[in-house]
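*Asks:* okay, sequence plus prediction incoming.
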Amino acid sequence: MGHSATDLSETRILLYYCFTPIEDPTAVMLWQRALCEQLKLKGRIIISRHGINGTVGGSLASCKQYVRRTREFPGFKKMEFKWSAGSADDFPRLSVKVRDEIVSFGAPNELKVDENGVVGGGVHLKPEEVNGLVDKRGDEVVFFDGRNAMEAQIGKFKNAVVPDVRTTHDFIDELESGKYDHLKDKPVVTYCTGGIRCEVLSSLMKNRGFEEVYQIDGGIVRYGEKFGDSGLWEGSLYVFDARMHMEFSPDAATIGECVVCGAPTNNFYNCKNDECRELTLLCDEHAADPCCGREECTAVSATASSP
Ligand SMILES: [Zn+2]
Ligand SMILES: [Zn+2]
């Protein structure tokens, strides 16, 4: 098959996931690794009994081939690929691995999937349907953040509940703590960056007695593409690459606050204490001496800067 000059000179990144039963994850892993090597794609792919989750980059021609070939696996036939700017150079290497879970909630035996995706998850809402639900049900609707609490410091749905979690592994304890029992008979809309974490979170919530659970199709990314900063979203979106955050429009509110002085900021910095490295919100001025503020970190810096 011939390629146009554009296909060969341009590059892209593909982001995708799919929940579908995979009988033999190792076989799929070996096939995917060989395919990516052949197409000179780099990135990260995780395969489990429940599906696949990947980000790969390379030439436009290779990305097109990858999509076509990957969809040949029956379970991946309807998988959606999100195309974005970038190239293989955005990744250090190619990593294709089998894990217990494609998103690690620590519940590999609880999650059930069939050929239609997660079994017993939330009702999928398109961005406009999210607004429709809020128009109809008003303040009764609760937005429930499916990300790490840190991510919500710079952006979240207005009045969202932000669970106290450092990683997705903390969600089960958090849900079982009783803190959210008053939400169990309310319409709850879960959301995360691209939708994958909510696929699992919604089913964990339903299994624990949350009766009316929704999730946003395509996550914050798709909602933001549709409504920018004129809808129910507020602030910046935390992203897992060198940019660290992105805004949907020039009107984005800055809701983050410098931990030292409270000035508005959406910039995270690693704490300068190498033992800590905690991502910390700081204004430009306090970023010059980045510290999370914990006593042991402040102390370390004092020692380090003394003659
Ligand atoms: Zn400051
Ligand atoms: Zn620290």
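*Replies:* Structure's in. What do you need? Numbering: from 1, shown residues only. Ligands and ions are numbered 1, 2, ... in the order given.

*Asks:* any residues of the protein in contact with ligand 2? List them.
*Replies:* 271, 273, 276, 278, 292, 294, 297 (CB under 5 Å from the ion). Every residue, glycine included, has its C-beta placed from N, CA and C.

*Asks:* the third one contacts T298, correct?
*Replies:* No: between C276 and T298 no contact is recorded; they are 10.5 Å apart, counting by CB atoms under 8 Å.

*Asks:* for the residues of the chain next to ligand 2, which one is nearest H182?
*Replies:* Distance to H182 across the residues of the chain next to ligand 2 (CB to CB) is lowest for E278, with 30.9 Å.

*Asks:* correct me, but that closest one touches F268?
*Replies:* No: the criterion here is CB under 8 Å, and E278 misses it with F268 at 9.5 Å.

*Asks:* go through the residues of the chain next to ligand 2 and name the one nearest M79.
*Replies:* Closest to M79, out of all of the residues of the chain next to ligand 2 and judged by CB to CB, is E278, at 35.6 Å.

*Asks:* per-residue pLDDT, that closest one?
*Replies:* E278 carries a pLDDT value of 93.

*Asks:* contacts only, for it.
*Replies:* Applying CB atoms under 8 Å, 6 or more residues apart in numbering, one finds that E278 lies in contact with 270-271, 292, 294, 297.

*Asks:* tell me which two of those residues sit farthest apart.
*Replies:* Using CB to CB, the pair of these lying farthest apart is N270 and R294, separated by 13.3 Å.

*Asks:* need the residues that contact stretch 90-101.
*Replies:* If you take CB under 8 Å, 6+ apart as the criterion, stretch 90-101 is touched by 13, 25-26, 29, 32-33, 36-37, 41-48, 50, 55-57, 107-108, 111, 200, 241.

*Asks:* run the last query once more with 7 Å
*Replies:* The contact list for stretch 90-101, computed with CB atoms under 7 Å, 6 or more residues apart in numbering, reads 13, 25-26, 29, 32-33, 36-37, 41-48, 50, 57, 108.

*Asks:* now stretch 195-204
*Replies:* Identification of contacts with stretch 195-204 by CB under 7 Å, 6+ apart yields 17, 19, 53, 103, 105, 107, 110-111, 118, 120-122, 146-147, 168, 171-172, 175, 190-192, 213, 215-219.

*Asks:* recalculate using a threshold of 6 Å.
*Replies:* Stretch 195-204 has contacts (CB atoms under 6 Å, 6 or more residues apart in numbering) with 17, 19, 103, 105, 118, 120-122, 146, 190, 192, 213, 215, 218-219.

*Asks:* show the average pLDDT along it.
*Replies:* pLDDT averaged over stretch 195-204 gives 97.

*Asks:* pLDDT wise, what is L8 at?
*Replies:* We have a pLDDT of 76 for L8.

*Asks:* how about the residue nearest to it when sequence neighbours are not counted, what does it touch?
*Replies:* Distances taken as CB to CB, 6 or more residues apart in numbering place A61 nearest to L8, at 5.5 Å, with adjacent residues excluded. By CB under 6 Å, 6+ apart, the contact set of A61 is 3, 7-8.
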